[in-house]
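Student: sequence unknown, structure follows:
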Ligand code: BG6
């Protein structure tokens, strides 16, 4: 499984993502023996730092974010030796690219550029790479989300990058696709005909997709306040998960077969008129509350200087997918910061039995797919209540935890995806038309929100979002998983 020596160039190398996710992921794969000291990680950012100073920063980040593995000082030292650092301000034409050219002498190696910068820099950076003759036939480029802030800006970025890289060399990353539980949806659905038979409007009453977090915006306030939950989570992660839940079976697991099926789902999402936004979208912002029994401040205090902001930190959306499989089945999507629990999960609520013959009517069964934490499945079925008189039934759960079943340590999604990019496996990356289709659906919602057609409602930190979130489902006679 050893990967041939490669060059990996990270732009935005002093940023949060590089320190928290990218370099820890590389360290883990290095430790696992997936690549050797022959690889080169060339780190680029604006700060005027020496290599030594940069490595020191990385060392302390790795001690924090890969604390288990970085205890092994010998491995850590060998890993740090692979890293180089070049200060470049890509917006300045007189920046010195000489050290990058020198580091990238070997034209035949796999070369991956990773852009972890502001998306507005993607196209100018590609132009600079071309100007400095750094793009070879073996080159690929990885683009972090968000690709733009609207359909127009996404198209401009895609055009700008597409001028220098062919589509098959452009890897748009969505780390949710790297999650084991998200990939397992393919196995669950398409390797289990019995489940796939139920996976449609005949058997399913509704579908819930939740990505709840307990963290606030932390130090990312400046970015987040421009994005909000809709751009930060819904446009990419939630819609990708929705695609994996709702798509039809691809002809194969090839990148294009998968992406074609996902694209059909995005195109089949019912477009939202302003009226529909008013009725089907809830936006919230956290105020002070308690998380794990500790008081935490509200969003405006987190932003600093007690600023007020119209940015949503929570969204819930009710939508439908216009396909024969899904007919009238509502899909509820929700995500938020500072919620009651960290929980990424999918719930497929089954339909009620048509003719009740028991003393009581239990709530219908459901399948719960936990993506994080504790990846696993839980199938809730009705069962005879042994303690009750008469023929009463009640719900009982069949539980499976992947970790117990497979006793392996789960890789972080970035570990999987970074090395997929190096190996040239694009299946878990997003194609241009998918990004644009997502924006096409999201944009009318964002527009309506801008015109305040969906009010921003406060919710206390540590709750499940604004109170009206319950009413959104109650309308269909449904309830959120935590209320069941
Ligand atoms: C990122 C968002 O893409 O995903 C963050 O920018 C969010 O705001 C994160 O916290 C959530 O990822 P995960 O893997 O912890 O669910």
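Tutor: Received, thanks. These numbers come from a predicted model, not from an experiment. Numbering: from 1, shown residues only.
Student: Quick one: distance of the host helix or strand of residue 457 to the chain centre.
Tutor: Element membership for residue 457, per DSSP states H and E: strand 456-460. Relative to its chain's centre, strand 456-460 lies at 24 Å (CA atoms, centre = their mean, to the nearest Å).
Student: For residue 413, give its distance to residue 19.
Tutor: Residue 413 is 17 Å from residue 19, where distance means CB to CB, to the nearest Å. Using the backbone N, CA and C atoms, a C-beta is placed for each residue, glycine as well.
Student: Show me which of these two is the more surrounded one.
Tutor: Neighbours were counted for residue 413 and for residue 19 using other CB atoms under 10 Å; residue 413 has more, 23 against 18.
Student: residues contacting that one?
Tutor: 175-179 (CB atoms under 8 Å, 6 or more residues apart in numbering).
Student: what's the answer for residue 114, then?
Tutor: So, once contact is read as CB under 8 Å, 6+ apart, residue 114 ends up touching 8-11, 22, 141-142, 144, 418, 421.
Student: ok but residue 44 is inside a strand, no?
Tutor: Yes - counting by DSSP: H, G, I helix; E, B strand; the rest coil, residue 44 is located in a strand.
Student: With adjacent residues omitted, what lies nearest to the residue in the stretch 201-350 of the chain positioned nearest to the ligand?
Tutor: Distances between the stretch 201-350 of the chain and the ligand by CB to the nearest ligand atom are smallest at residue 232, namely 4.7 Å. Of all residues not flanking residue 232 in the chain, residue 224 sits nearest, at 6.4 Å (CB to CB, 6 or more residues apart in numbering).
Student: list the buried ones in the helix or strand harbouring the one you found?
Tutor: Applying DSSP H and E as the criterion places residue 224 in helix 221-229. Under the neighbour-count criterion of 16 or more other CB atoms under 10 Å, helix 221-229 has 221, 224-225, 227-229 buried.
Student: on contacts alone, who are the packing partners of it?
Tutor: Under the contact definition 3 or more CB pairs under 8 Å, 6 or more residues apart in numbering; DSSP states H and E, helix 221-229 sits against helix 299-303, strand 314-319.
Student: can you list the buried residues of helix 221-229 in TSV and add pLDDT and distance to residue 312?
Tutor: Output for the buried residues of helix 221-229, formatted as TSV (pLDDT from 0 to 100; distance: CB to CB, whole Å):
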residue	pLDDT	distance to residue 312
221	87	14
224	93	10
225	93	10
227	92	10
228	95	5
229	97	5
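Student: possible to save these as a markdown table with distance to the ligand?
Tutor: As requested, the buried residues of helix 221-229 are exported to a markdown table (distance: CB to the nearest ligand atom, whole Å):
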| residue | distance to the ligand |
| --- | --- |
| 221 | 11 |
| 224 | 7 |
| 225 | 12 |
| 227 | 8 |
| 228 | 10 |
| 229 | 8 |
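Student: who's in contact with the closest residue to residue 217 other than its chain neighbours?
Tutor: Of all residues not flanking residue 217 in the chain, residue 224 sits nearest, at 4.5 Å (CB to CB, 6+ apart). Listed by CB under 8 Å, 6+ apart, the contact set of residue 224 reads 217, 232, 311, 313.
Student: Of those residues, just the buried ones, PyMOL syntax please.
Tutor: Buried members of those can be picked out in PyMOL with the line below, counting by 16+ other CB under 10 Å:
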select buried, resi 217+232+311+313
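Student: tilt between the helix ranked longest in the chain and helix 221-229?
Tutor: Secondary structure of the chain per DSSP state H: the longest helix is helix 432-450. Interaxial angle, helix 432-450 versus helix 221-229 (axes from the mean of the first three to the mean of the last three CA atoms, to 10 degrees): 90 degrees.
Student: Could you list every helix and strand that helix 432-450 packs against?
Tutor: Using 3+ CB pairs under 8 Å, 6+ apart: helix 432-450 touches helix 151-162, strand 170-172, helix 239-246, helix 255-268, helix 274-280, strand 281-287.
Student: what do you get if the cut-off is 7 Å, keeping everything else the same?
Tutor: The helices and strands touching helix 432-450, judged by 3 or more CB pairs under 7 Å, 6 or more residues apart in numbering; DSSP states H and E, are helix 151-162, helix 255-268, helix 274-280.
Student: can these go into TSV with extra columns for distance to the ligand, mean neighbour count and mean pLDDT?
Tutor: As requested, the helices and strands packed on helix 432-450 are exported to TSV (distance: least, CB to the nearest ligand atom, whole Å; neighbours: other CB atoms under 10 Å; pLDDT from 0 to 100):
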stretch	distance to the ligand	mean neighbour count	mean pLDDT
helix 151-162	16	18	97
helix 255-268	18	19	98
helix 274-280	23	15	94
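Student: Identify the residues contacting the nearest residue to residue 227 once chain neighbours are set aside.
Tutor: Distances taken as CB to CB, 6+ apart place residue 146 nearest to residue 227, at 6.6 Å, with adjacent residues excluded. By CB atoms under 7 Å, 6 or more residues apart in numbering, residue 146 lies in contact with 119, 227, 231, 235-236.
Student: same thing with residue 91?
Tutor: Going by CB under 7 Å, 6+ apart, residue 91 touches residue 124.
Student: that older thread, check the offset of the helix holding residue 224 from the chain's centre.
Tutor: Put simply, helix 221-229 sits 16 Å off its chain's centre (CA atoms, centre = their mean).
Student: Give me the angle between that helix and strand 281-287.
Tutor: 150 degrees.
Student: what's the angle between helix 221-229 and strand 456-460?
Tutor: Per the same axes, to 10 degrees, the angle that helix 221-229 makes with strand 456-460 is 110 degrees.
Student: Quickly note the distance from the residue of the stretch 201-350 of the chain closest to the ligand to residue 317.
Tutor: Distance from residue 232 to residue 317, by CB to CB: 14 Å.
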